[in-house]
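>>> What follows is a predicted protein model with its sequence.
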Amino acid sequence: MHISRRLLALAIASAPLASLPCVAMAEESSLGTPSGTVTMKFKSLDIGVGHTWGTGKLVYGHHTYRFKVEGGSLAAVGYANIKGSGTVYNLHSVKDFEGSYAAVNGDVTAGTGIGAVLLNNPAGVRIRLDTSSSGGRLAAAAQGMKITFTHK
């Protein structure tokens with residue numbers, strides 16, 4: 001039986017992907033206690049130092065809270081529209097959600113792309129956000145965001 005070189009190369013290249021669900025579950029358990037969910041829509045414009053802005057919704061304790069996002073990044077270039085949804089961890093009081101978040105991540109968007117980011121704030125709140133983006137952007141550095149409720 002002959003196995004084509006392309007098929008063999010594809011099998012070897014995709015073998016690490018088979019373990020991704022297990023890795024994702026291990027990550028989930030190490031983030032803390034799930035407390036709520038979040039959705040965000042934001043844009044990023046970068047020329048070396050970048051600017052990010054947008055809006056989002058937090059669902060926590062059977063209530064929906066709207067917020068705005070502002071921030072920036074270092075060592076990035078391009079423009080992207082980004083949508084994200086995810087889980088909020090370790091949120092014990094809604095007031096702990098507001099504030100500054102930090103993330104170290106990298107992403108490449110050429111047309112459309114998908115990714116994930118983990119945001120942390122000083123109150124111990126973590127947001128694991130799965131993202132989809134469109135545009136053209138390359139980023140490989142620290143990123144910061146400030147979340148502020150729009151109506152309290």
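Sure thing, it's come through.

>>> Just the buried residues of the helix or strand containing L45, please?
Element membership for L45 (DSSP states H and E) is strand 34-60. Residues of strand 34-60 classed as buried under the neighbour-count rule (16 or more other Cβ atoms under 10 Å) are 35-36, 38, 40, 42, 44-46, 50, 52, 54, 56, 58, 60. Where C-beta positions appear, they are placed from N, C-alpha and C, glycine not excepted.

>>> could you dump those to JSON lines with distance to S134 and pLDDT?
What follows is the buried residues of strand 34-60, written out as JSON lines (distance: Cβ to Cβ, whole Å; pLDDT from 0 to 100):
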{"residue": "S35", "distance to S134": "30", "pLDDT": "95"}
{"residue": "G36", "distance to S134": "27", "pLDDT": "97"}
{"residue": "V38", "distance to S134": "20", "pLDDT": "98"}
{"residue": "M40", "distance to S134": "15", "pLDDT": "95"}
{"residue": "F42", "distance to S134": "12", "pLDDT": "86"}
{"residue": "S44", "distance to S134": "11", "pLDDT": "80"}
{"residue": "L45", "distance to S134": "14", "pLDDT": "76"}
{"residue": "D46", "distance to S134": "15", "pLDDT": "68"}
{"residue": "G50", "distance to S134": "16", "pLDDT": "73"}
{"residue": "T52", "distance to S134": "15", "pLDDT": "84"}
{"residue": "G54", "distance to S134": "14", "pLDDT": "93"}
{"residue": "G56", "distance to S134": "18", "pLDDT": "96"}
{"residue": "L58", "distance to S134": "24", "pLDDT": "98"}
{"residue": "Y60", "distance to S134": "29", "pLDDT": "97"}
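
>>> so what does the very next helix or strand once past the strand holding L45 touch, helix or strand wise?
Sequence-wise, the next helix or strand downstream of strand 34-60 (DSSP H and E) is strand 63-89. With contacts defined as 3 or more Cβ pairs under 8 Å, 6 or more residues apart in numbering; DSSP states H and E, the secondary structure elements packing on strand 63-89 are strand 34-60, strand 99-120, strand 126-149.
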